[in-house]
Each structure stands twice: as C-alpha cells, then as structure tokens.
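Enquirer: Structural data only, the sequence is not supplied:
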C-alpha cells in the first residue's frame with residue numbers, strides 16, 4: 001500500500017510546482033509510509049522527490065522502524081547530541097540537491113523545530129504550502145480505509161449505547177465522559193482516540209466545543225455528547241443530543257429542527273455536488289425556522305485519519321464531492337446560557353449518492 005502511495009505522490013509532484021515534499025511526524029507521513037513517530041524533542045523529516053526513494057532524517061534509536069520495509073527509503077540517522085543534527089540534515093538535503101529548490105510543506109503540521117533545520121541547511125530553497133499535494137491523495141478513501149472507518153463508527157456507537165444506562169441526574173460531565181472513554185476502549189477503540197469526548201449539559205451545551213466540567217446534570221438539561229473512536233488509524237466523529245428528564249417545549253422544538261437539518265444535509269450529498277450545497281441544505285432548514293443566528297459553525301468537515309481534514313462543508317466551498325470522500329454532517333442550534341443541540345453523522349460518497357456510516361437513533365431520547 002505504501003509503495004503505491006509513494007508512486008502516486010511521485011506522479012503528483014511532477015505536476016505540483018514543487019520539487020520535494022517534506023513531511024514530519026503526523027498523519028500524512030503515516031499515510032504515505034506507514035511509519036509512526038511521536039512528536040518529541042527529536043526531529044523527524046521525510047523528503048519525497050519524484051523518481052527517487054524517500055529520504056528520512058530520524059533518531060538512531062528508531063532505525064528498526066525502517067528495516068524490512070516493502071519500499072526503498074534512505075535513512076539519515078542521528079544520535080543524542082543536538083549539535084550533530086544540523087550536519088545530518090545537511091547531508092540529507094544535499095543527497096537530493098534540494099538547496100535552491102521548492103520544498104513543499106504542510107503548514108498545519110510542520111513544526112518550527114524541523115522547519116528551522118531545513119531552512120538552515122537549504123537557505124536558498126523556497127518552502128511553499130503543499131498541503132493540497134497530499135490532501136488530494138488522502139481525500140478519496142479506498143476500500144481498506146472505508147472498512148476501518150465503518151469499524152470506528154460501530155465501536156463508537158456501541159460505546160455510547162453502553163454508556164447511556166449509566167447517565168443519572170447529579171453525575172458530572174467529567175464522570176460521564178470518563179465512563180464513555182472506558183466503554184470506547186472496551187468496545188475496541190485504539191487508546192489514541194481522535195479527540196477527547198465532549199460531554200456538555202444545560203448552558204454548557206450551548207458551547208459547541210465545551211470541555212467536560214464538574215457541572216452536574218440537571219433535570220431539564222439537553223445533553224450533547226460528541227465522541228469518536230479510532231480503529232486501524234481511522235476515526236469516527238459523531239454527536240447525539242439527549243434530554244435529561246423533561247425539557248421545555250422550545251428545547252424539544254430546536255432538537256426537532258436540528259434533526260430535520262441533519263436529514264437535509266445528509267440527503268444533499270452525491271458525486272458532483274459542491275460542498276457548499278450540503279451546508280446550504282442543512283442551514284436553510286434552521287434559518288427558515290428562525291434560529292439561523294444560533295447555528296454558528298459550518299455544517300461539516302472531512303474525516304479519515306484526522307477528525308478534521310478535507311473536504312469542508314461550508315458556505316462558498318465549491319469543491320465537488322467525489323466517490324470515496326468521507327465527511328460529517330453536524331448542524332446545531334446553540335441558545336446562549338440555556339441549551340444547545342447538535343446531531344452529527346459520518347457520510348461516505350458512493351458511486352451514485354451518499355451513505356450514512358452511522359445509524360444510531362437521532363430522535364430526542366430521555367436519559368437520567
């Protein structure tokens with residue numbers, strides 16, 4: 001798999017306007033090579049060029065990771081003395097004759113640590129944004145990737161279903177989040193989850209990216225749970241909203257509106273449709289209901305190895321959906337200092353339409 005991806009990258013580089021792609025530890029490096037490195041005080045950079053084996057600058061102690069790979073790679077290892085690292089970087093860059101060339105980077109991933117080493121040994125080089133070079137390869141998932149994502153959705157849904165009976169009035173958001181994390185692990189998620197679950201009740205649920213707090217769940221709360229699992233390096237990202245006890249009529253109303261917006265957003269996607277249309281379909285439902293100003297974020301984002309990646313379901317994004325793309329549909333209504341609702345599903349673009357990978361009930365369920 002990695003050898004074919006490296007070959008595809010080699011072809012992409014020839015038409016990209018960059019001479020090389022520099023990747024440090026992160027999802028794109030895993031995608032291209034299968035190599036996992038932790039971000040640490042020890043820099044790791046892999047340099048890809050068309051027609052050559054990748055070159056990797058890496059710690060000597062991790063050399064076993066590059067032995068026996070099914071593709072060629074040229075390691076430039078270094079020891080524990082930081083004074084020697086620049087010399088190793090210089091040899092790696094010189095081996096590909098990259099000084100004065102265009103070395104593409106991912107601005108959202110490349111750390112200053114690695115970037116400083118590269119600019120120091122290639123002072124005449126340019127370092128353009130080459131995010132699209134990799135994202136154009138990663139954005140369409142193959143059968144193996146889709147299988148992993150299906151499993152990640154199944155694990156996440158099973159974990160929350162196992163957690164729901166534990167929800168009680170008086171338990172804190174933190175306590176509920178802890179129970180959910182335990183169930184995610186027991187149901188099969190990797191320990192390196194895509195993100196820490198969001199568990200927010202009552203006024204906190206009106207904050208889309210709330211952090212679980214010591215606030216206790218109260219009767220009348222809406223409870224937003226945004227969670228996901230990771231399986232074989234691929235993730236799920238879901239949200240459901242529950243009623244703690246009996247909520248006010250308006251809160252039931254906004255949940256029904258969001259549920260309808262979610263359905264409209266899910267139905268809007270298919271090959272050839274602009275991402276903006278998915279956003280518009282969901283947003284229009286909420287705006288017509290009179291709650292448009294309380295839907296404060298885009299309708300969705302791509303998912304795969306990361307919980308946020310291309311493509312983005314937002315206004316003005318005319319990128320066309322293609323078979324194999326995966327993304328979220330997650331409209332919401334957030335009433336400040338009162339309650340909030342979000343319903344999120346994971347979508348796969350098929351040859352003729354879309355499929356929701358998630359099927360957990362979206363209706364307002366009473367808990368506690």
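Expert: Yep, that arrived. Because the structure is predicted, anything quoted here is derived from the model rather than measured.

Enquirer: how much space is there between the most centrally placed residue in the chain and residue 170?
Expert: The residue lying closest to the centre of the chain (CA atoms, centre = their mean) is residue 307, at 1.6 Å. Per CB to CB, to the nearest Å, residue 307 is found 31 Å from residue 170. Every residue, glycine included, has its C-beta placed from N, CA and C.

Enquirer: returning to what we had before: look at the residue nearest to the centre of the chain and give its secondary structure.
Expert: coil (DSSP: H, G, I helix; E, B strand; the rest coil).

Enquirer: Quick check: closest non-adjacent residue to it.
Expert: Closest residue in space to residue 307, ignoring its immediate chain neighbours: residue 194 at 4.3 Å, by CB to CB, 6 or more residues apart in numbering.

Enquirer: got the contact list for that neighbour?
Expert: 228-230, 235-237, 306-307 (CB atoms under 8 Å, 6 or more residues apart in numbering).

Enquirer: Same check on residue 10?
Expert: 48-51.

Enquirer: And residue 357, by the same measure?
Expert: So residue 357 contacts 149-150, 153, 236, 326, 345-348 (CB under 8 Å, 6+ apart).

Enquirer: between those residues, which is nearest residue 203?
Expert: Of all the contacts of residue 357, residue 345 has the smallest distance to residue 203: 25.5 Å, by CB to CB.

Enquirer: Quick check: the closest one touching residue 331?
Expert: No: using CB atoms under 8 Å, residue 345 is not in contact with residue 331; the gap is 10.4 Å.

Enquirer: Identify the contacts common to these two.
Expert: Contacts common to residue 345 and residue 331, judged by CB under 8 Å, 6+ apart, are residue 262.

Enquirer: the more surrounded of the two?
Expert: Between residue 345 and residue 331, residue 331 has the larger neighbour count (other CB atoms under 10 Å), namely 30 against 25.

Enquirer: what's the pLDDT at the more buried one?
Expert: For residue 331, the pLDDT comes out at 98.

Enquirer: quick one: contacts for it?
Expert: Neighbours of residue 331 in contact, by CB under 8 Å, 6+ apart: 258, 261-262, 265, 282-283, 285-286, 295, 299, 342-343.

Enquirer: let's see it at 10 Å
Expert: 239, 257-265, 279, 281-283, 285-286, 295, 297-300, 313, 341-344 (CB atoms under 10 Å, 6 or more residues apart in numbering).
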